[in-house]
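> Starting from these lines, generate the structure:
(4 chains)
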Protein chains: 2
Amino acid sequence: MSVQERKERERAARERLIVATARELAEEQGWDAVTTRRLAERIEYSQPVLYSHFRGKREIIGAVALEGATEMAAAMRAAAAAADGPHARVTALARAYLDFAARSPAVYDALFRLDGGLVFADEETPQPLKDAFAALLETLDEVAGDGVDPGLFTEVFWAALHGLATLSRAGRLLPEDAERRVELLVDRLAVV
Amino acid sequence: MSVQERKERERAARERLIVATARELAEEQGWDAVTTRRLAERIEYSQPVLYSHFRGKREIIGAVALEGATEMAAAMRAAAAAADGPHARVTALARAYLDFAARSPAVYDALFRLDGGLVFADEETPQPLKDAFAALLETLDEVAGDGVDPGLFTEVFWAALHGLATLSRAGRLLPEDAERRVELLVDRLAVV
DNA sequence: TCGATTGTCTAGCGGTGCTAGGATCGAAGG
DNA sequence: CCTTCGATCCTAGCACCGCTAGACAATCGA
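As a prediction, the model looks like this:
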């Protein structure tokens, strides 16, 4: 059975290569540049190989998104853990979120702007996505305020961050005020 | 000169037809379905005619966006004017914004999600976009709070609304809590 | 009436996501 | 060791995309 195991290992390695390459290409030149032909050429296989791993381009985007969700959750937890006190924790969380969106725009797009065929706010939501939301919730729970459902509060806070992230990147907000916007948002939304 | 005037009128009418048809098609089947071929067929002209009015598909999206910005500004002003007191005004504004995004998703996408070649937060920003931001500012000015720049406050509030609008439509937020999210957002952000 | 200009269309270019079908290669059985 | 056979991969091609060159017809001014 060792032969078959080796093949499966190789196959899994190639799948990781596809996802990693798609991500690279997307970060370098944007998702529009991630065509099945270019992607296939970069991994040095022909196009149909991609379709033996994924149903289509959408699923590849989804795979990048899941990978990104895990990293994002880790980044947010690390930032929150390094801060003292509720207010500082929330600020650090917000900065980490926006930082991730700014540093990895392609991954952020895969997660929240493009259609990666992922299901949200549902039982069938993949674990990494649930976990990213949980990472937000952990820190925001303590500043939701009395009588306010922490889940609801997290949704609103998340939406605000998402709005800042997307509008900033699209050049629809003045870049120099980014930090002031974060402070205003945290000061107003979080109940300390 | 009357012949030339007639021709210009007809040309302008056809341009309006293009924009209106693109919008219709986008609302019916999404922007992906708005191809130059389909659009040309619907207006009963050949493809190249589109390019005698617009540089490309992107500019058509931009035209739909500008049209939408004017309507959105009017809707927000009407909603705010019909409410009494700062808190009610801001709530009405937020509802009007989210309502517009939900009712006209294609127009909202043209405005804020797709690349319509429009410039934001700049001197060259088209008037309808400036005016839509002004409509937000007018109502939010009175609830920005002491020592907070109304423009900055408006950006943050707008970003929050944008986040709610996009995440809701993408199925990333539970639909049934929409109203509660608006209330929470307004209660926290607006200083009355 | 004739030439020039304007307007529109047909046809086609290089690209996209995706797939059918044939070639090739390696593992298992005689 | 050789042969068979199944898995694996690639070539070639589909229908569609945004966009444009160049042919053609209609209209205008001289």
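
> And chain A, split by domain according to the record?
With domains defined by automatic domain parsing, chain A comprises A:1-53, A:57-189.

> Restrict the helix or strand harbouring A:Ala88 to CA atoms and write it as CSV.
Element membership for A:Ala88, per DSSP states H and E: helix A:86-103. C-alpha atoms of helix A:86-103 as CSV (Å, rounded to 0.1, in the frame of the first residue of the first chain):
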residue,chain,number,x,y,z
PRO,A,86,-10.3,45.7,27.2
HIS,A,87,-9.9,49.0,25.3
ALA,A,88,-6.4,48.3,24.3
ARG,A,89,-7.3,44.7,23.3
VAL,A,90,-10.1,45.9,21.0
THR,A,91,-7.9,48.5,19.5
ALA,A,92,-5.2,46.0,18.8
LEU,A,93,-7.8,43.6,17.4
ALA,A,94,-9.1,46.3,15.0
ARG,A,95,-5.6,47.2,13.9
ALA,A,96,-4.7,43.6,13.3
TYR,A,97,-7.8,43.1,11.2
LEU,A,98,-7.2,46.2,9.1
ASP,A,99,-3.5,45.3,8.8
PHE,A,100,-4.3,41.9,7.5
ALA,A,101,-6.7,43.3,5.0
ALA,A,102,-4.1,45.8,3.8
ARG,A,103,-1.1,43.5,3.8
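
> show me where pLDDT drops low in chain A?
Scanning chain A with the threshold set as pLDDT under 70 gives A:1-3.

> what does chain A put close to DNA strand D?
For chain A, the residues in contact with DNA strand D (C-beta under 7 Å from any atom of the strand) are A:Lys7, A:Arg11, A:Tyr45, A:Ser46, A:Gln47, A:Pro48, A:Val49, A:Ser52. (Glycine included, C-beta is placed from N, CA and C.)

> show me the contacts for A:Trp31.
The contact partners of A:Trp31, by C-beta atoms under 8 Å, 6 or more residues apart in numbering or on different chains, come to A:Ile61, A:Ala106, A:Asp109, A:Ala110, A:Leu114.

> separation between it and A:Asp84?
39 Å (C-beta to C-beta, to the nearest Å).

> swap in A:Ala165?
In terms of C-beta to C-beta, A:Ala165 sits 25 Å off from A:Asp84.

> So which of the two has more stuff around it?
A:Ala165 (23 against 8; other C-beta atoms under 10 Å in any protein chain shown).

> so which helix or strand takes in the more buried one?
Assigned by DSSP H and E, A:Ala165 falls in helix A:150-169.

> helices or strands next to that helix in the packing?
helix A:86-103, helix A:127-140, helix A:178-189, helix B:150-169, helix B:178-189 (3 or more C-beta pairs under 8 Å, 6 or more residues apart in numbering or on different chains; DSSP states H and E).

> and among these, the most buried is which?
helix B:150-169 (a mean of 23; mean count of other C-beta atoms under 10 Å in any protein chain shown).

> Let me know the angle separating that one from helix B:178-189.
160 degrees (axes from the mean of the first three to the mean of the last three C-alpha atoms, to 10 degrees).

> Distance from helix B:150-169 to the middle of the chain?
Centroid separation for helix B:150-169 versus its chain: 13 Å, with C-alpha atoms, centre = their mean, to the nearest Å.

> burial count for A:Glu67?
19.

> ok, it - contacts?
A:Val19, A:Arg23, A:Val107, A:Pro128.

> about what we covered before: which one of the domains of chain A lies nearest to B:Ala40?
In terms of C-beta to C-beta, the element of the domains of chain A nearest to B:Ala40 is domain A:1-53, at 23.2 Å.

> Quick one: check the closest one for contact with DNA strand C.
Yes: counting by C-beta under 7 Å from any atom of the strand, DNA strand C is contacted by domain A:1-53 at A:Val3, A:Gln4, A:Val34, A:Thr35, A:Thr36, A:Arg37, A:Arg38, A:Gln47, A:Pro48, A:Tyr51.
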